[in-house]
Each structure stands twice: as C-alpha cells, then as structure tokens.
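Got a predicted structure plus its sequence, pasted below:
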Amino acid sequence: MGDAYEGLLDLDLGDLVGVEGAPFRTRRGELSLRVDAWTLLAKSLRPAADKYHGLTDVEQRYRHRELDLIANEETRELFMLRTRAVAAVRRFLDERGFLEVETPVLQPLYGGALARPFTTFHNALDRQLYLRIATELYLKRLIVGGLEKVYELGKDFRNEGLSHKHNPEFTMLETYEAYADYTDVAAMTEELVAFVARETLGTTTVERDSDTIDLSPPWRRVTLRDAILDETGVDIAAITDRDELAAQMKSRGLEVGEGAGWGKLVDELLSKLVEPKLIQPTFVLDYPVELSPFARPHRSEPGLVERFEGFVGGVEIANAFSELNDPDEQRARFEEQQRLQLAGDEEVQPFDEDYLRALEQGMPPTGGLGLGIDRLVMILSGRHSIREVVLFPALRSE
C-alpha cells in the first residue's frame with residue numbers, strides 16, 4: 001500500500017482514477033470510502049480548466065466546449081436544459097398523435113425556404129447534391145401519402161452569414177397537420193412553447209434582460225401591416241411601389257440593397273425596425289405573397305397569404321402557413337421565383353417538378369409549422385447568442 005500511496009501523491013489535477021474499497025461514515029456522519037486499492041484510468045496531459053473561476057474566454061469556451069463543460073457548471077446546466085426541452089417537444093407532439101419521421105439531409109434539389117444552400121457531390125451517383133435548407137417539401141409529400149400528422153426534429157443547413165441569431169447548421173422542428181390552418185397552428189404553437197417551458201423550468205415566465213416574459217397562451221396577434229405601421233409609420237398596403245418603399249426606408253437610416261425587390265424590403269423593415277421591439281410573445285400575421293411561395297392565399301385579403309411568424313424577446317422563433325395545395329398556383333409561384341433568380345436574387349426557391357407531381361395527386365388543406373429549437377432554448381435560458389446554446393458552433397479559423 002505504501003507504493004500505491006506514493007503513486008497517489010504523484011497524480012495531477014484532472015487525472016481520472018478508479019478506486020476499490022468499502023463505504024463508511026466518518027465520525028461526523030459523512031458518507032465516505034475506505035480505499036483499499038486504486039488504478040489510473042486516464043492521464044491528463046494538459047492543465048485542468050479552472051473550476052473555481054471558470055473558463056471565461058468566450059472564444060475558448062466555444063472552440064473547446066469540453067473545457068467549458070469541465071470548468072463551468074452553468075454551461076452543463078444549460079445543455080441539460082436543452083436536452084429536456086427537446087424531449088418535451090417530442091412528448092407534446094407524440095401525445096397529440098403526431099408521427100416522428102426522417103427525410104433526406106442530402107437532397108437533389110433544395111427547397112422549403114428562401115436561402116442559399118451548401119453544395120456537395122456524390123461520387124457514386126455522379127451528381128451534385130445539396131444539404132437541405134428545410135424539411136418542408138418532403139414532409140408535405142408524406143401528407144399527400146396519407147400520414148396526416150407528421151413532424152421532424154433535425155438539422156438544416158443554410159449558407160448565410162454568421163450572427164448572434166444565425167448558425168450555418170441549426171436544429172429545426174417542422175410539423176404538418178392535415179385539415180388544419182394557420183390559426184390552428186398558432187394555437188398549437190403557443191401551447192407547445194408553454195408546455196416546454198413548464199417541463200424544463202417549472203414555469204412559463206422567463207427573464208430576458210430587464211424584461212419578464214410570460215409564455216403562457218394566448219399570445220398577442222397583430223397583422224404584418226399594422227406591426228410595421230405602428231412602429232415605423234410606413235403603410236406597406238399603400239406603398240406598393242418598390243422605389244417609393246426604398247426611399248421611405250433610406251429616410252429611416254436603413255440600407256437598401258440594389259437587387260432587393262418590394263417583398264425583400266418589407267422583410268427588412270420587419271426584421272430591422274419591428275422585430276427587436278417584439279419582446280412579449282407575438283404572432284405577426286398575413287404576409288405578402290412575394291415573401292411566401294408555399295403559403296395559401298388569404299381567404300379575405302387579396303395579395304396576402306395565410307402565414308404567421310412568432311416572436312419572443314425580440315427574436316423570431318417560429319414560421320407557419322396554411323399550406324398552398326393548388327398545384328397550378330404553386331407552379332406559378334415557382335415560375336415567379338425563377339424570374340427573381342434571373343433578376344439577381346440568390347435566395348429563391350428553385351423549380352421543383354417532383355413536388356408539383358406530388359401536389360397533383362391531391363394534398364388536403366394543411367397547417368405547417370417551423371420552430372427553431374436553438375432560438376427557443378435561447379429564450380428559455382435567457383441567452384442572447386445562438387453560439388451559447390449550440391455545443392459546437394461554427395467559427396472562423398484561428
């Protein structure tokens with residue numbers, strides 16, 4: 001035992017050891033272990049992270065998450081919260097009769113969102129493939145096939161800039177329910193978020209900066225037109241000329257891209273001037289058709305579609321439609337997207353003949369939802385950067 005004791009004194013902080021012995025209580029009643037033998041399981045060749053002060057260098061925390069987890073108990077608690085949140089999402093949907101399915105990550109044609117894809121090449125098939133930007137079009141083909149309530153939790157990939165809200169790969173929930181519309185989806189979304197909050201935090205109230213946010217239903221509902229008008233004084237229903245809208249934006253200090261059409265400018269107004277002010281849970285409803293190539297035309301407002309986006313804490317966390325199920329109208333929307341691409345817009349939906357063939361089989365009226373899991377966890381945990389809630393975020397080279 002003497003040699004073993006000497007070896008024990010030579011251990012370094014961070015070494016992993018296994019011990020054998022009998023449990024007992026000390027004179028003060030504390031549970032302990034009487035060690036008879038020990039063995040070295042793993043040698044730590046690098047200095048251990050400082051568990052007292054924690055690992056505080058943000059760049060190192062993101063690049064070497066293992067050190068962050070060792071040194072910062074708060075980080076471990078955050079990612080355990082994330083795991084509980086994902087489990088709660090599944091439980092909510094499973095209990096309501098949704099089927100969890102899987103669709104291709106490598107796709108011959110990307111679609112389901114307006115974004116640039118990552119491109120790869122399949123040697124055996126001798127063809128170019130894309131990492132998916134959304135699961136939407138495959139999931140709606142399952143609705144056509146008679147699976148009337150489906151969802152997928154998985155990674156999407158968008159080749160866009162980095163920011164506190166964007167990571168090139170991110171986790172997305174998409175759900176589709178036959179014989180539902182965007183009002184049904186809105187009711188389900190607010191119930192889902194409240195349920196996940198209760199399951200993970202024990203409450204529907206979260207703190208973000210100096211704001212106390214109540215996630216319980218019902219959430220505020222406001223049209224896109226009114227949301228922009230109330231915050232900026234710009235009436236997008238009255239200003240339908242692209243150049244006039246651009247002038248209004250420039251007068252408010254916003255940069256206007258030369259290739260951006262009217263719809264993109266409306267989206268910029270929302271994201272730059274309105275979204276940061278939407279702190280309490282809010283559904284913004286009824287978007288221009290130019291921004292929504294897969295949404296059903298509005299039942300009473302020409303030129304609009306039945307779509308909402310959900311905002312909490314100044315961040316968009318959800319996007320949903322009454323899904324377009326008219327194949328002729330969908331074909332016309334694809335053709336319009338092609339026109340925008342020829343005009344220089346890189347973030348368009350490519351023409352997808354296979355999806356049109358599926359629609360031509362007949363798709364029932366359907367409500368669809370996309371909910372960003374990373375952003376939901378940001379809200380639940382009070383974090384302001386997506387890099388905080390992704391274990392291994394994308395970073396520039398050192």
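Nice, I can see it.

How many residues are close by residue 196?
Applying other Cβ atoms under 10 Å, we find 26 residues neighbouring residue 196. For glycine as for every other residue, the C-beta is placed from the backbone atoms N, C-alpha and C.

Does it touch residue 380 like I think?
Yes: the criterion here is Cβ atoms under 8 Å, and residue 196 meets it with residue 380 at 7.3 Å.

name the element residue 217 belongs to?
Assessed by DSSP states H and E, residue 217 sits outside every helix and strand.

nearest spatial neighbour of it, skipping sequence neighbours?
Leaving aside its chain neighbours, residue 217 sits nearest to residue 190 (4.1 Å; criterion: Cβ to Cβ, 6 or more residues apart in numbering).

And for the one you found, the neighbour number?
Applying the criterion other Cβ under 10 Å, we find 20 residues in the vicinity of residue 190.

List the residues that contact residue 97.
Residue 97 is in contact with residue 149, counting by Cβ atoms under 8 Å, 6 or more residues apart in numbering.

do residue 246 as well
Going by Cβ under 8 Å, 6+ apart, residue 246 touches 256, 260, 265.

Give the burial count for the first one, as a bare number.
Spelled out, it's residue 256. When neighbours are counted by other Cβ under 10 Å, residue 256 comes out with 16.

try the second one
Taking other Cβ under 10 Å as the criterion, the count of residues near residue 260 is 19.

Where does it sit: helix, strand or coil?
Secondary structure state of residue 260, per DSSP: H, G, I helix; E, B strand; the rest coil, is coil.

From residue 270, how far out is it?
13 Å (Cβ to Cβ, to the nearest Å).

re the thing from before, want to throw the contacts of residue 246 into CSV with distance to residue 307 and pLDDT?
Putting the contacts of residue 246 into CSV (distance: Cβ to Cβ, whole Å; pLDDT from 0 to 100) gives the following:
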residue, distance to residue 307, pLDDT
256, 24, 86
260, 20, 79
265, 17, 92
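
Domains in the chain, by residue range?
2-48, 67-219+280-389 (automatic domain parsing).

How far does the last one sit from its chain's centre?
When you say that, I think you mean domain 67-219+280-389. Distance of domain 67-219+280-389 from its chain centroid, counting by Cα atoms, centre = their mean, to the nearest Å, is 7 Å.

give me every residue that touches residue 10.
Contacts of residue 10 by Cβ under 8 Å, 6+ apart: none found.

Return the list of helices and strands in contact with the helix or strand hosting residue 310.
Per DSSP H and E: residue 310 is located in strand 304-312. Secondary-structure packing of strand 304-312 (3 or more Cβ pairs under 8 Å, 6 or more residues apart in numbering; DSSP states H and E): helix 182-201, strand 282-288, strand 315-322.

what are the ranges of the helices in the stretch 201-350 of the chain?
224-232, 242-250, 262-269, 327-342 (DSSP state H, counting those that start in this stretch).

What residues of the longest one count as buried?
Just to be clear, that refers to helix 327-342. Within helix 327-342, the residues that count as buried by 16 or more other Cβ atoms under 10 Å are 327, 330, 331, 333, 334, 337, 340.

quick one, what contacts residue 327?
356, 359, 360 are the contacts of residue 327 under Cβ under 8 Å, 6+ apart.

So which of the residues you listed belong to helices?
356, 359, 360 (DSSP state H).

Adding distance to residue 303 and pLDDT, write those residues out as TSV.
Formatted as TSV, these follow (distance: Cβ to Cβ, whole Å; pLDDT from 0 to 100):
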residue	distance to residue 303	pLDDT
356	23	96
359	22	97
360	26	97
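
now the strands for the stretch 51-200 of the chain?
99-100, 106-107, 119-122, 127-131, 149-157, 169-178 (DSSP state E, counting those that start in this stretch).

neighbouring strands for the first one, and are they parallel or not?
Each strand that strand 99-100 pairs with, and the sense of that pairing, follows from DSSP bridges: strand 149-157 (parallel).

which phi and psi does residue 33 have?
Backbone torsions for residue 33, taken as degrees, to the nearest 10, come to phi -130, psi 130.

Could you list the single helix or strand in this protein with the lowest mean pLDDT?
helix 2-9 (a mean of 76; mean pLDDT, DSSP states H and E).

Report the buried residues of it.
Buried residues in helix 2-9, counted by 16+ other Cβ under 10 Å: none are found.

Just list what that helix packs against, helices and strands only.
Packing contacts for helix 2-9, counted by 3+ Cβ pairs under 8 Å, 6+ apart, involve strand 31-42.
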